[in-house]
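*Asks:* sequence and computational prediction follow.
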Amino acid sequence: MLEKMLEFMYFPHDVSTFGPQIDWLFTLIFWIVVVTWIAVSITMVVFLVKYRTKPGRKAEYIEGDTRLEVIWTSATAVIMIILALMSRSTWADIKENGPAGQVFYNVTAKQFNWEITYPGPDGKLGTKDDLTIENEMHVPVNQVVRIDLASKDVIHSFFVPNLRLKQDAVPGRVIKVWFEATEIGTYAIPCAELCGFGHSGMQGTLTVESEADFQKWLKDQYANANQ
Amino acid sequence: MATAKIRPLMALPRRSVASGDETERRFISNGMLAVLMLIGTEMMLFSALIGSFIIFRMQAAFWPPPTQPRLPIAVTWINTGVLLASAVTMALAVRAVHQSRQRLLRRWIGVTGLLGVVFLAVQGSEWVRLVAQGLTLASGNYGATFYLLIGLHGLHVSAGVVWLVCVAAAAMRGRYNVRNASAVELCAVYWFFVCAIWPVLFGLVYLL
Amino acid sequence: MSSTAAVAIGSAHTEHHELGFMRTYVFSEDHKMIARQFLFLALFMMAIGGLMAMLMRLDLAWPDTQFSFLRIFPQSIQNDSAITAATYNSAFTMHATIMIFFVVMPILVGCFGNFLIPLMIGARDMAFPKLNMLSFWVGAVAGVIMLSSFFVPGGPAAAGWTSYAPLSAVPIYTGVDWGQNLWCISIIVLGVSSLMGSINYITTIINMRTKGMYFFRMPLVIWALFITAILLLLALPVLTTALALLLFDRMGGTHFFLPAGGGEPILWQHLFWFFGHPEVYIMILPAMGIASEVIATFSRKPIFGYRSMVYAICAIAGLSWMVWGHHMFQSGMDPELGTSFMLSTMVIAVPSAIKTFNWLGTLYKGDIHYTTAMLNALSFVAMFVIGGLSGIFMACTPVDMYIHDTYFIVAHIHYVLFGGSLFGIFAGVTYWFPKMFGRMMNEKLGKLHFWITFVAFNCTFFPMHILGMGGHMRRIYNPTQYDFLKPLAPINMFISISAFVLGTAQFIFLANIIWSCFKGERASENPWHANTLEWSAPSPPGHGNWPGPVPAVYRGPYEYSSPESEADYLPQWQVAEHATAAAD
Ligand code: HEA
Ligand code: HEA
Ligand code: CUA
Ligand SMILES: [Cu+2]
């Protein structure tokens, strides 16, 4: 039901573990907002029609109503604060804590490509046999991928719409990002932060594949690199 | 003279407020309001720079960087004294104008301006020395924040000196007395601000 | 000193000393003339900012296409009759910069601030008329500097109106050299202009109110302008600092924002948004004030909860200093900080709610007259609510992770800035036009403009929410480069066509202004039967505003349909029918 609605609103199909939480929050806010909007609009339209000027009728002299004002002020405040509290844990899961990683990459942005560094056959990053490939990211399905995100020049933003994931890549900093893709397929990794004349069109592809396919692909890449 | 009441320094200049019959009662003159607002803006300007300075300072592994020259602390202590003294002489000038003592007013305005110039001259010569030793805008954030913060303050002192010269010129013509003191008071408030912000900068940039 | 000058002006009014053409129309010190100067400067700039938007929409509907008519524009806008990635970046940068700094701010603060403050509080002019003149001319110079950047090699700034460093800090990153420098310089200069304006407004409001005009008898638009001026005074220097640091990075060899030299790119964002968020409220508060005036007048009712409206303005202003981080949720800022910014951002919806519900309350049991000004003010409320509600999605940090830097944000921007500020401006211009120019605006043209704008506006900007939900990034010149955006192409086409209608409709507004200036029906002193003080002056007011003494004020600004009077309004300056009431 939720999925149908989001699809109807052009949401890209969600393939991450935290995506459903984000979509749920989106839908929650959507309904709060739509109800508020309809209430406000209907009230407004009714008043506009009902109290349009008519000959011989004078407006009623009303300066305010403290009780009403207290009610709608505190109602809004309560809704907003509850919403903030509800969003808190999702945010903390995505950006602060997160599960332990199973696959580790470095991603370095530069004008106008993503450089994805895979640990070499030794399985460790930062050694000589690391393998860097531009714009092609392959990950195994259902495994926690942890990325050290950096940039060589300006600020870029690592965006995977299908994962609902976005994180700026900032030069001079290494920012930790994680995700776990749940469905096999290929997805776009556009850059979401203006980074110069090549910003439009800067994108990589994320290929989510089965463990076996992934290992095979990796092996091929290592073999290619060593030729 | 003996009967002239001595007003507290920072008293809002009630007398210069024309409470015409066309407006609500005023508690502060237009000029004083404008100067206070100007100071408010300046405070934000300095706060933004000081904030940036603190961020660089906290992130740097070494501060000052080992290869960069040290800032001249002893001379600057003395210079700080000079600037603070000028605040005192400015206060004396305000007192003089409240007593309508023309000669005294001219003298203290003059001394204040002179102290300001001395402060600027010492700062300038130190800058020349530092640049020669290799501390420049481009030599890293240590130099860059130093020149920007201290330079901005120097600009303010210069502006204050120019203002003092204008006030002094009018004072020479005997324009000010207890009834017409607001121009001196406005200049004084600004000068106090310039003097008050200096110890903060000195502490942050030189001492810490 | 200035108050004596003001009194002198008042008595000199009858003598009618002739000022030459230059002193009357160009270097005028009269607040009303300066207001008109700001208005026309801003309308001119709006044409340019709007043109940039039209070019952007042209490109987004037909990316990478050559249009021979583009040839008439300088090389900085088109390249070989097409809009390229680089010129597109310049286009949205200049579009936003011009719309924000040279259209909305000059009209709301420069024009309405200048025109309304003295007239509505009962002063003969601003506290510092010379400073006021200077403020306009410094602003005009800033405009010239900004426009000149279209003609320098490399073209105008192309790093977005937010000019994130290090993209903006090193010329080779964007390929723009002097354009970005001029951008910084222009905005620093404009800051000086606004500073002079704010000092004037605050001083005038505090010190030059007429007898009986207590603070809590001031019209809400004056309150809004007062608080706005304070925000400007405190926010602009922070931007100035940031711009100065950026200029030093570009030209002085420093490394404030360049990590290679120990700089901190995120610092730019903190400084920019510390200014930037108060800035967005600077652009909405005066429009809220205008809407309050217009809605009260044409509902013939007192504003619902006047005092809480005032407190809400103050609360918005106060809270606006604590929410800047909501622009930086995905920037790499500490996520825990993000959580606290989320909370403060959610809280800022509360005073906005107070305002919205009070506007609705004002309509309740009113006697609503549908003038053009009222239609625009009502649509201000309706559109601001949509824009504000879309802000809630972004305030929620996890949701913002998905919609940040997508067209969802662009939709929000335009609902609050066009739907909010610009509809407020339309309402204000129509409402005060008779006072400003002595003639009424044409209602037929006004309504035509309103309805086309209202429909086309929603057709243009509402679908942008859907683009955003589809993941459509902002600031890309060619969405067809992305496979996942291809299904959205028809929406982009629809938006572009609506945008052309929207742009064209603005010519009706312009035509109405010009036509009404010369041919409009002559306005009486108080054509709307309004209560506030400006309507006691002649239309248009002469030098010194009131030919006789400045009227004193006996009551609050919204005594519509008061049981105390026969008519459905009771102006602030009217001596009470029962002498006892004056004692209050
Ligand atoms: C006039 C300008 C204006 C105004 C008034 C606002 C008002 C608000 N804005 Fe907006 N904002 C901008 C102009 C403005 N904004 C611009 C220009 C940007 C983009 C900058 C850029 O990146 O280029 C931006 C970006 C922006 C972001 C960053 C998004 C991102 O980049 O990822 C966020 C995030 O929180 C945000 C939030 C809000 C909120 C919560 C409000 C609130 O003040 C809104 C409050 C109002 C309401 C909520 C509606 C009325 C209330 C009710 C009807 C009561 C009931 C409501 C509930 C129960 C929910 N804005
Ligand atoms: C007040 C602010 C304001 C206003 C009014 C507008 C108005 C419009 N905006 Fe703007 N816009 C912004 C502020 C504003 N915008 C901001 C802040 C951004 C973000 C920029 C960034 O990312 O850095 C943005 C970005 C932005 C984008 C996204 C660009 C991108 O991210 O790739 C788009 C795309 O469609 C767009 C379109 C439009 C359109 C079609 C209008 C139309 O409504 C315009 C219609 C108006 C006219 C065509 C003018 C006509 C006027 C006259 C005819 C009067 C003539 C007068 C004389 C000749 C004296 N805008
Ligand atoms: Cu990289 Cu945009
Ligand atoms: Cu904001």
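*Replies:* Perfect, thanks for sending it. Given the structure is predicted, the values throughout are model-derived calculations rather than measurements. Numbers count the residues shown, from 1 in each chain, chains lettered A, B, ... in the order given. Ligands and ions are numbered 1, 2, ... in the order given.
*Asks:* flag every residue of chain A that's near ligand 1.
*Replies:* A:32, A:36, A:40, A:76, A:79 (Cβ under 6 Å from any ligand atom). All C-beta atoms are positioned from the backbone trio N, CA, C, and that covers glycine.
*Asks:* rerun at 5 Å
*Replies:* A:36, A:76, A:79 (Cβ under 5 Å from any ligand atom).
*Asks:* in helices, which of those appear?
*Replies:* With helices taken from DSSP state H, the overlap with the residues of chain A next to ligand 1 comprises A:36, A:76, A:79.
*Asks:* burial measure for the second one, as a count.
*Replies:* Put plainly, it is residue A:76. Other residues near residue A:76 come to 21 when the count uses other Cβ atoms under 10 Å in any protein chain shown.
*Asks:* could you do the first one as well?
*Replies:* The tally of other residues near residue A:36 (other Cβ under 10 Å) stands at 18.
*Asks:* okay, now the unreliable bits of the chain?
*Replies:* Answering for chain A, as no chain was given. Residue ranges of chain A with pLDDT under 70: A:1.
*Asks:* chain C, not that one
*Replies:* Counting by pLDDT under 70, chain C contains low-confidence residues at C:1-18, C:577-584.
*Asks:* and the residue of it closest to ligand 2?
*Replies:* residue C:50 (2.1 Å; Cβ to the nearest ligand atom).
*Asks:* mind checking what helix or strand follows the helix or strand hosting that residue in sequence?
*Replies:* Assessed by DSSP states H and E, residue C:50 sits inside helix C:31-61. Read in the C-terminal direction, the helix or strand following helix C:31-61 is helix C:85-97, with elements assigned using DSSP H and E.
*Asks:* neighbours of whichever residue of chain B sits closest to chain A, just the number please.
*Replies:* Using Cβ to the nearest Cβ, residue B:59 is the residue of chain B that sits closest to chain A, at 9.8 Å. When counting by other Cβ under 10 Å, one arrives at 14 neighbours for residue B:59.
*Asks:* residue contacts, the spatially most central residue of chain C?
*Replies:* Using Cα atoms, centre = their mean, the residue of chain C that lies closest to the mean C-alpha position is residue C:104, 2.9 Å off. Residue C:104 sits next to C:283, C:417, C:421, C:422, C:425 when contact means Cβ atoms under 8 Å, 6 or more residues apart in numbering or on different chains.
*Asks:* which one (most neighbours) among the residues you listed?
*Replies:* Of all the contacts of residue C:104, the highest neighbour tally under other Cβ under 10 Å goes to residue C:421, namely 30 neighbours.
*Asks:* quick check: the gap between residue C:187 and residue C:445.
*Replies:* In this structure, residue C:187 and residue C:445 are 35 Å apart, going by Cβ to Cβ, to the nearest Å.
*Asks:* how about residue B:149?
*Replies:* When distances are taken as Cβ to Cβ, residue B:149 and residue C:445 turn out to be 56 Å apart.
*Asks:* pretty sure the residue of chain C closest to ligand 2 contacts residue C:504?
*Replies:* No - the pair formed by residue C:50 and residue C:504 falls short of the contact definition of Cβ atoms under 8 Å, at 10.1 Å.
*Asks:* joint contacts of those two?
*Replies:* Both residue C:50 and residue C:504 lack any common contact, where contact means Cβ under 8 Å, 6+ apart.
*Asks:* before we move on, the earlier item: which of the contacts of residue C:104 lies closest to ligand 3?
*Replies:* Among the contacts of residue C:104, residue C:417 lies closest to ligand 3 (Cβ to the nearest ligand atom), at 23.9 Å.
*Asks:* next, the closest one: secondary structure please.
*Replies:* Secondary structure for residue C:417, judged by DSSP: H, G, I helix; E, B strand; the rest coil, is helix.
*Asks:* report the contact partners of the nearest residue to residue B:117 once chain neighbours are set aside.
*Replies:* Of all residues not flanking residue B:117 in the chain, residue B:161 sits nearest, at 6.2 Å (Cβ to Cβ, 6 or more residues apart in numbering or on different chains). Applying Cβ under 8 Å, 6+ apart, we find residue B:161 in contact with B:113, B:116, B:117, B:120.
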